[in-house]
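> Got a predicted structure here, sequence first:
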Amino acid sequence: MTKIAGPVPPVRDPGRPSPTPGRFASARQFGTVIGLVALSTGLWILTPHFLTVSNLLNVVEQTSINAIVAVGLTFVILSGGIDLSVGSLVALSGVVLGSLLHAGQPLAMALAAALVVGAASGVANGALVSWGGLPPFIATLGMMSIARGAALVFTEGRPVSGFEPAFRVLATGRVALIPAPVIVMVLTYIVAHLVLTRTTFGRYVYAIGGNEEATRLSGVSIRFHKTMVYGVSGVTSAIAAIILTARLNSAQPIAGMMYELDAIAATVIGGTSLTGGEGTLGGTLVGALIMGVLRNGLNLLGVSSFLQQIIIGAVIVVAVLVDTVLKRRR
Amino acid sequence: MTSSQAPVLEMRGIRKTFPGVVALDGIDLDLCRGEVHMLLGENGAGKSTLMKVLSGAHRMDAGEIRIDGRLADIREPGDALALGIRIIYQELNLVPQLSAAENIFLGRAPTRWPGVIDWRRLYARATHLLRDLGMQVDPRIQVGQLSLAHQQMVEIARALSENASILVMDEPTSALTSQEVTQLFALIERLVSRRVAIVYITHRFDEVFRIGHRVTVLRDGKHVTTRAIGDVSVAELVRLMANRELTDHFPKIRVEPGRELLRADRIGRGTRLRDISFSLRAGEVVGIAGLLGAGRTELARAMAGADRPDTGRLFIKGEVVSVRSPADAIRCGIGFLPEERKTQGLVGGLSVARNIALPHASRISRLGFLRSGTETALARPLIDELCIKTSGPAQPAVWLSGGNQQKVVLAKWLAGDADIFIFDEPTRGIDVGAKVEIYHLMNRLTARGAGIIMISSELPEILGMSDRILVMHQGRLQAELSAAEATEERVLTAALGLAS
């Protein structure tokens, strides 16, 4: 009944300061960025080699796979769910891709098949959650095992190795110094960010995570949109699988082990609330970079991989602890 | 009556600020033993914040609190508990899976050996305590199976078992039936005779005069007045709270009813809804009265597509429609204001504008793309029309006061082309000023040719705002009364199932 036309008035009334989600989210992200900068500065002091162009590009390239998987997890966690199957989906999509390439199928066909397998598995997760009424933890735990098993059955447990250069360019190629995986990562983030902030689907993801019942009563189909959210997670797993397969020049059924935990860690370090409805993709990217920089720095410092696990675990806990304490104070 | 005694609680010059807001600006309050002290004020006046300071949930910026004349340092909830201060919130803090007795002595159950509960002593003590307070609650029953009123009593019993001397009750009757209210008030009288001091927060004036001894009015974080109940009138209290005379609580404007908008034909759902038939015409407000559990909310939800009825047909503007989801109902022009705005109405983390635009997101999008500006443009006129107090459309809805949150939920439906409105308790828990604004809004809607179905537990509101009144009892329509023939007695009689 109310229709207005013309230019949109400014959003905020002057002189009445009040926190907005945007402001809080940006303050929170600012904190994460400061963490990243502090970490990098520390490493720069400790090991001069850290701050070289080649090493930094190396860090971002190594981060790209986890960062891409974390995009899907951010969607899922924002909607109030969780996806434990992403690592197995990376393996399954990867072996489908590798096998089709080996069978001499055209590159486009093989890539499309990998994406379809990821998307379909994700949609299956979503359907189990939405229509089956399963808790996301259980549905995706089941898928984690099923997809892993399928990848092993499909390849009889053997890796599929050695691909044509036209495919490997996705890992080895560079555009103005920037490695192809980083470009794929950036494109994934831009597209996903636009979806999350500029589309009805993105709005519903936040709304469902914030208050599912209120969203349902607003006429939004919860089942459909939740299913799509898991579909997105399947697709980003498949994109990660493509990059991983090209980098390793090998598709392995045991690839992607524990990827779900790294992606969850990147998401929560990036400030996304595990209860849903709150968070940003920018935060997730910074979260993934923090983990990548930390791994790289610890390697440069010659810290043993056993000790590294302890340190990374501690960083995850401390990052989220700081967040929780700040929120409580608010 | 209490001026001669030393107060058990004195709060002096309490000040509390939040970023950008002075929530409490030098508030004084004192409380005597055996007193029921009513705390009145519009939403946002500072009542809850003051009680949160007292309970240790918030730390005050300035001021002092004395208990029995001694300076008290309340830094966290544990401090307040140790001083005998207990708050009964609207949302009760009970473990539904445990028995009443276990809840009462939660964390303090009598034990035989360390870690082994002495069940016999536990039940004996609970029985004794409950009987002592005149409560007819079986201590062995699971709390989740008790009515809300009885759960509240269990919570009060727990407070007393911890020797609470100061009890704060935050709108304890908002979800109770009138019988249960009577029981609660009897309990309060027992507490008074046991010299417990009670702070009672309410929006209901009849309660102020039924059980209060003194009343304190807060407005905009400031102390307005404290009076003995005998010295004030309702009109005066309303004026003090709102600082404006509300001569007419119910500014109802009647409209000549137009064509039929909605007709329910023998709607049924399990045992909760049985054989309900009625109609709604353009320009009408149909009030639905009934006791708690009579099926009013179930009826609203069935028509709004929130739950699916088993039987019956729904006609919209003369045509049979199938409403199987909220989306279907919205397509039929139905706007539904649910009973619980926090859990069903609002997405707290989303901005005011995005909440308002949520049901319309796909309509105002282009190829699935949505611009923030479009949402703001949709929301802004409604923020103005409904006088929603917000720092701007981008403010998260969770930061608004209850009345303003309710207006946001209303705005969701005004933003579309709904002409059938189902309001479930539209004014519950909101202040007088916001209530009157909602009544005016209902008038504007009916003047435009919309029809409104209004569920309310407040009889004066039903009588004051409805053109027709349906009374429900145990899932059935017990009576249908016109505004002219409806009286409080007739509605209540039907709601109790005493007449048809």
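That came through fine. Numbers count the residues shown, from 1 in each chain, chains lettered A, B, ... in the order given.

> Please pull out the lowest mean pLDDT helix or strand from the chain.
Picked chain A for this. helix A:21-46 (a mean of 76; mean pLDDT, DSSP states H and E).

> switch to chain B, that's the one I care about
helix B:234-242 (a mean of 76).

> And chain A, is whatever helix or strand comes next after that helix touching that?
Note on helix B:234-242: by DSSP states H and E, the next helix or strand toward the C-terminus is strand B:260-269. No: shown here: strand B:260-269 not in contact with chain A (C-beta under 8 Å from any C-beta of the partner chain), separated by at least 15.1 Å. C-beta here means a position set from N, CA and C on the backbone, and glycine is covered the same way.

> any weak-confidence spans in the chain?
This is for chain A. A:1-29, A:329-330 (pLDDT under 70).

> should've been chain B
Scanning chain B with the threshold set as pLDDT under 70 gives B:1-4, B:19-21, B:43-44, B:242-249, B:499-500.

> Any idea which residue of it lies closest to chain A?
Going by C-beta to the nearest C-beta, chain A is nearest to residue B:391 of chain B, at 3.5 Å.

> What values do phi and psi take at that residue?
phi -80, psi -10 (degrees, to the nearest 10).

> what's the burial count for it?
When neighbours are counted by other C-beta atoms under 10 Å in any protein chain shown, residue B:391 registers 19.

> what comes up buried for whichever helix or strand comes after the least confident helix or strand of chain A?
The element immediately downstream of helix A:21-46 (helix or strand, assigned by DSSP H and E) is helix A:53-78. The neighbour-count check on helix A:53-78 (16 or more other C-beta atoms under 10 Å in any protein chain shown) flags A:55, A:59-78 as buried.

> what distance separates helix A:53-78 from the middle of the whole chain?
Computed by C-alpha atoms, centre = their mean, to the nearest Å, the chain-centroid distance of helix A:53-78 equals 7 Å.

> the helices in the stretch 201-330 of chain A, which residues?
Here the stretch 201-330 of chain A has its helices, by DSSP state H, counting those that start in this stretch, at A:212-217, A:222-248, A:259-269, A:281-300, A:305-329.

> make that the stretch 201-350 of chain B, sorry
Secondary structure of the stretch 201-350 of chain B by DSSP H, counting those that start in this stretch: the helices cover B:205-211, B:234-242, B:296-303, B:326-331.

> I'd like those laid out as CSV, including mean neighbour count and distance to residue A:288.
What follows is the helices of the stretch 201-350 of chain B, written out as CSV (neighbours: other C-beta atoms under 10 Å in any protein chain shown; distance: least, C-beta to C-beta, whole Å):
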stretch, mean neighbour count, distance to residue A:288
helix B:205-211, 18, 56
helix B:234-242, 17, 53
helix B:296-303, 24, 43
helix B:326-331, 21, 37
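
> Reformat these as JSON lines; add distance to chain A.
As requested, the helices of the stretch 201-350 of chain B are exported to JSON lines (distance: least, C-beta to the nearest C-beta, whole Å):
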{"stretch": "helix B:205-211", "distance to chain A": "30"}
{"stretch": "helix B:234-242", "distance to chain A": "22"}
{"stretch": "helix B:296-303", "distance to chain A": "9"}
{"stretch": "helix B:326-331", "distance to chain A": "4"}
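
> Compare those and report which one is nearest to residue B:459.
Ranking these by proximity to residue B:459 (C-beta to C-beta) places helix B:205-211 first, at 10.3 Å.

> name the helices or strands packed onto that closest one?
strand B:36-40, helix B:178-193, helix B:234-242 (3 or more C-beta pairs under 8 Å, 6 or more residues apart in numbering or on different chains; DSSP states H and E).

> most centrally placed residue in chain B?
The residue lying closest to the centre of chain B (C-alpha atoms, centre = their mean) is residue B:429, at 3.6 Å.

> thinking again about what came up before, looking at the helices and strands packed on helix B:205-211, which one is packed in the most?
strand B:36-40 (a mean of 25; mean count of other C-beta atoms under 10 Å in any protein chain shown).

> now that strand against helix B:234-242, angle please.
Orientation of strand B:36-40 against helix B:234-242 (axes from the mean of the first three to the mean of the last three C-alpha atoms, to 10 degrees) gives an angle of 60 degrees.

> can I get the CA coordinates of whatever helix or strand comes next after strand B:36-40 in CSV?
Next in sequence after strand B:36-40, counting helices and strands by DSSP H and E, comes helix B:47-55. Extracted in CSV, the C-alpha atoms of helix B:47-55 (Å, rounded to 0.1, in the frame of the first residue of the first chain):
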residue,chain,number,x,y,z
LYS,B,47,12.1,-0.4,35.1
SER,B,48,13.9,-3.5,33.8
THR,B,49,17.3,-1.8,33.8
LEU,B,50,16.8,-0.7,37.4
MET,B,51,16.0,-4.3,38.4
LYS,B,52,18.9,-5.6,36.4
VAL,B,53,21.2,-3.3,38.4
LEU,B,54,19.6,-4.6,41.6
SER,B,55,20.1,-8.2,40.6
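
> Outside of helix B:47-55 itself, list whatever touches it.
Outside helix B:47-55, the residues that touch it by C-beta atoms under 8 Å, 6 or more residues apart in numbering or on different chains are B:9, B:11, B:14, B:16, B:23-24, B:27, B:29, B:39-41, B:58-60, B:65, B:74, B:77, B:80, B:85, B:87, B:166, B:168, B:170, B:199, B:201, B:218, B:221.

> Out of these, which sit inside helices?
If you go by DSSP state H, the contacts of helix B:47-55 have B:77, B:80 in helices.

> Now list the buried members of the contacts of helix B:47-55.
In terms of neighbour count (16+ other C-beta under 10 Å), the buried residues within the contacts of helix B:47-55 are B:9, B:11, B:14, B:16, B:23-24, B:27, B:29, B:39-41, B:58, B:60, B:65, B:74, B:80, B:85, B:87, B:166, B:168, B:170, B:199, B:201, B:218, B:221.

> which of the residues you listed come close to chain A?
Applying C-beta under 8 Å from any C-beta to these, none is adjacent to chain A.

> Turn the helices of the stretch 201-330 of chain A into JSON lines, columns for distance to chain B and mean neighbour count.
Formatted as JSON lines, the helices of the stretch 201-330 of chain A follow (distance: least, C-beta to the nearest C-beta, whole Å; neighbours: other C-beta atoms under 10 Å in any protein chain shown):
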{"stretch": "helix A:212-217", "distance to chain B": "5", "mean neighbour count": "22"}
{"stretch": "helix A:222-248", "distance to chain B": "10", "mean neighbour count": "25"}
{"stretch": "helix A:259-269", "distance to chain B": "17", "mean neighbour count": "25"}
{"stretch": "helix A:281-300", "distance to chain B": "15", "mean neighbour count": "23"}
{"stretch": "helix A:305-329", "distance to chain B": "11", "mean neighbour count": "12"}
